[in-house]
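Asker: Test case, fold it:
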Amino acid sequence: MMPLKPLGQETQLREVLETIPDHARRLGLNEFEAFAYSKSSRYLMIDTNRINSATVVESTGLSIRVVRDARAGASFCSSFRSKDIERCMRSAKALTASNQPDLDWPGFPCSKGKYPEVKGLFDSGLISLELDGLKDMAETMIEGARSVAEPISVTLGGVECSIQSTGVLNSSGIEAHRRETALQAFCVSLWGSGSSVTAESAQGSMSRSTNMDFEKIGRNSAEIALKSSVIAGSHTGECDVVFSPAALGDSDSGLLNIMMQKSLSGQSVIRKNSFLSELLGEQIAPKELTIYDNPVLSGAGGSKQFDDEGMPTKKKTLIKEGVVNGFVWDNYYGAKAHRSSTGNAVRNLLTGAVSSSPLNLQIRPGSGMLEDLVAEVDDGYLVWSGQGVHTSNLETGDFSFVANPGLKIRKGQIVGGVRGVMISGNLLELIKGISRIGADITDYGNNLMPSIRFSNVKVTTG
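Answerer: Residues are numbered from 1 along each chain as shown. Down below sits the predicted model:
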């Protein structure tokens, strides 16, 4: 199988974007924007200790926004053929007739600043990585998990390698291009068989290069499954709770990722649906907590030179030593708030809607690994992952979810798994109780998260 070809991707993308002004001119459009990507992916899926599928996917996409008399329209197509591009732009133009004028429309953004040099986003080693190489990675992950104990089974997992070229062009003079590589892996393990099994324990990570410890990913997943095989007693009350990096940063179930991504968005602040809306300049957490949006960090999964509107990115301190220091803005909502874009536009490709969000949320690391945080707990719990975190209330900060897997800690040791343990409260109260931040950072693609220990957390048992 041939290696991935980034040069062809990038050349094709540039050629497509170069045609956009001509298409717009023929349709009488003066305000327009195009966001295009071309992506090549190879991935292997694991099912019940075996690699059960290998897939190669080539995908392209073009999202077009146009504005006529302050009326916006957007359309998307997955083809780069000239007739499809014109059809896509015609669809966007047609939608402007049915939309109301937006009197707050500031125009498409323009940028006179230079794009930052962000290192480590592209690794030529991933370009030449073929399916046999991915197979070795996946098998190493399985072996790492199964080496922990005989009854451990890897129920699900995968390894994906991708290369993507992205470009943005608009009528205000922005034209930006980038290329990037990514390697992602995850492993889900459980202990036991038949009806006597533990909760599934997942571990995953992302890298821009081949530098990933697959054996460790598998082993960490299996060790939590093994520790869950002994059922420990639990009790209702308030106590110390350690959250793993996954419990805080996972894209689907990470508490801080889910709540902070939206709540630190300027769009949410303008709409008054962020629990941080009225807290700018207020101390909300101990001085140990500093949160950045750092999309210029070398080699990070969420790093990039420009946002989805083509604006330059930069590092921003959003919470500084426990004080709310600022929010992130795209062009539109920044203008509504009389602020400049911070280079944080994110785009829904299918609808064309643009909003603001942190691109690479980063908590300043403290010291120690997860086991060090656990060692300081006399009577409490470890939350490895949360079930139901997505139901958290972003307007109030309230949350309630089941620790799954959850583990009992006694005298600094994990003594077994717990079932039906509910963790609930308000995020502002939770982060006030931060007692230690770890240094065990995991990259989840749009955030870098350590383990954190919290005090006085409300725990309810069944």
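Asker: Please name the nearest non-neighbouring residue to Asn393.
Answerer: Leaving aside its chain neighbours, Asn393 sits nearest to Phe399 (7.2 Å; criterion: CB to CB, 6 or more residues apart in numbering). Just so you know, the C-beta spots here come from the backbone N, C-alpha and C atoms, and that holds for glycine as well.
Asker: quick one: secondary structure of that neighbour?
Answerer: With DSSP: H, G, I helix; E, B strand; the rest coil as the basis, Phe399 sits in strand.
Asker: Break the protein down into its structural domains.
Answerer: Structural domains of the chain, as assigned by automatic domain parsing, span the residue ranges 6-223, 230-460.
Asker: so of the ones you listed, which one's packed in deepest?
Answerer: Burial of the domains of the chain is given as mean neighbour count (mean count of other CB atoms under 10 Å); domain 230-460 ranks first at a mean of 20.
Asker: Would you mind measuring from Val148 to Ala222?
Answerer: Between Val148 and Ala222 the computed distance is 4 Å (CB to CB, to the nearest Å).
Asker: Quick check: next helix or strand after the helix-or-strand element of the chain with minimal mean pLDDT?
Answerer: For the chain, the helix or strand with the lowest mean confidence is strand 196-197, at a mean of 80 (criterion: mean pLDDT, DSSP states H and E). Scanning forward in sequence from strand 196-197, with DSSP states H and E defining helices and strands, the next element found is strand 201-207.
Asker: just the helices in the stretch 151-300 of the chain please.
Answerer: With DSSP state H, counting those that start in this stretch as the criterion, the stretch 151-300 of the chain has helices at 214-227, 245-249, 255-263, 266-270.
Asker: Looking only at residue counts, what's the top helix in this structure?
Answerer: In the chain, taking DSSP state H as the definition, the longest helix is helix 6-26.
Asker: Which elements pack onto the next helix or strand after that helix?
Answerer: Downstream of helix 6-26, the first helix or strand assigned by DSSP H and E is strand 31-47. The contact analysis (3 or more CB pairs under 8 Å, 6 or more residues apart in numbering; DSSP states H and E) places strand 31-47 against helix 6-26, strand 50-68, helix 131-146, strand 152-170.
Asker: Just the angle for strand 31-47 relative to strand 152-170, thanks.
Answerer: Orientation of strand 31-47 against strand 152-170 (axes from the mean of the first three to the mean of the last three CA atoms, to 10 degrees) gives an angle of 170 degrees.
Asker: Dump strand 31-47 to PDB, keeping only the CA atoms.
Answerer: Extracted as PDB, the C-alpha positions of strand 31-47 are listed here (Å, rounded to 0.1, in the frame of the first residue of the first chain):
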ATOM      1  CA  GLU A  31     -18.600  39.000   0.500                       C
ATOM      2  CA  PHE A  32     -17.600  35.300   0.600                       C
ATOM      3  CA  GLU A  33     -15.500  32.900   2.600                       C
ATOM      4  CA  ALA A  34     -14.400  29.300   1.900                       C
ATOM      5  CA  PHE A  35     -13.000  26.700   4.400                       C
ATOM      6  CA  ALA A  36     -11.600  23.600   2.700                       C
ATOM      7  CA  TYR A  37      -9.900  20.400   3.900                       C
ATOM      8  CA  SER A  38      -8.500  17.200   2.500                       C
ATOM      9  CA  LYS A  39      -7.800  14.300   4.800                       C
ATOM     10  CA  SER A  40      -6.300  10.900   4.400                       C
ATOM     11  CA  SER A  41      -6.800   8.400   7.300                       C
ATOM     12  CA  ARG A  42      -5.800   4.800   8.000                       C
ATOM     13  CA  TYR A  43      -7.200   3.100  11.000                       C
ATOM     14  CA  LEU A  44      -7.400  -0.400  12.600                       C
ATOM     15  CA  MET A  45     -10.200  -1.400  15.000                       C
ATOM     16  CA  ILE A  46      -9.800  -3.900  17.800                       C
ATOM     17  CA  ASP A  47     -12.700  -6.200  18.900                       C
END
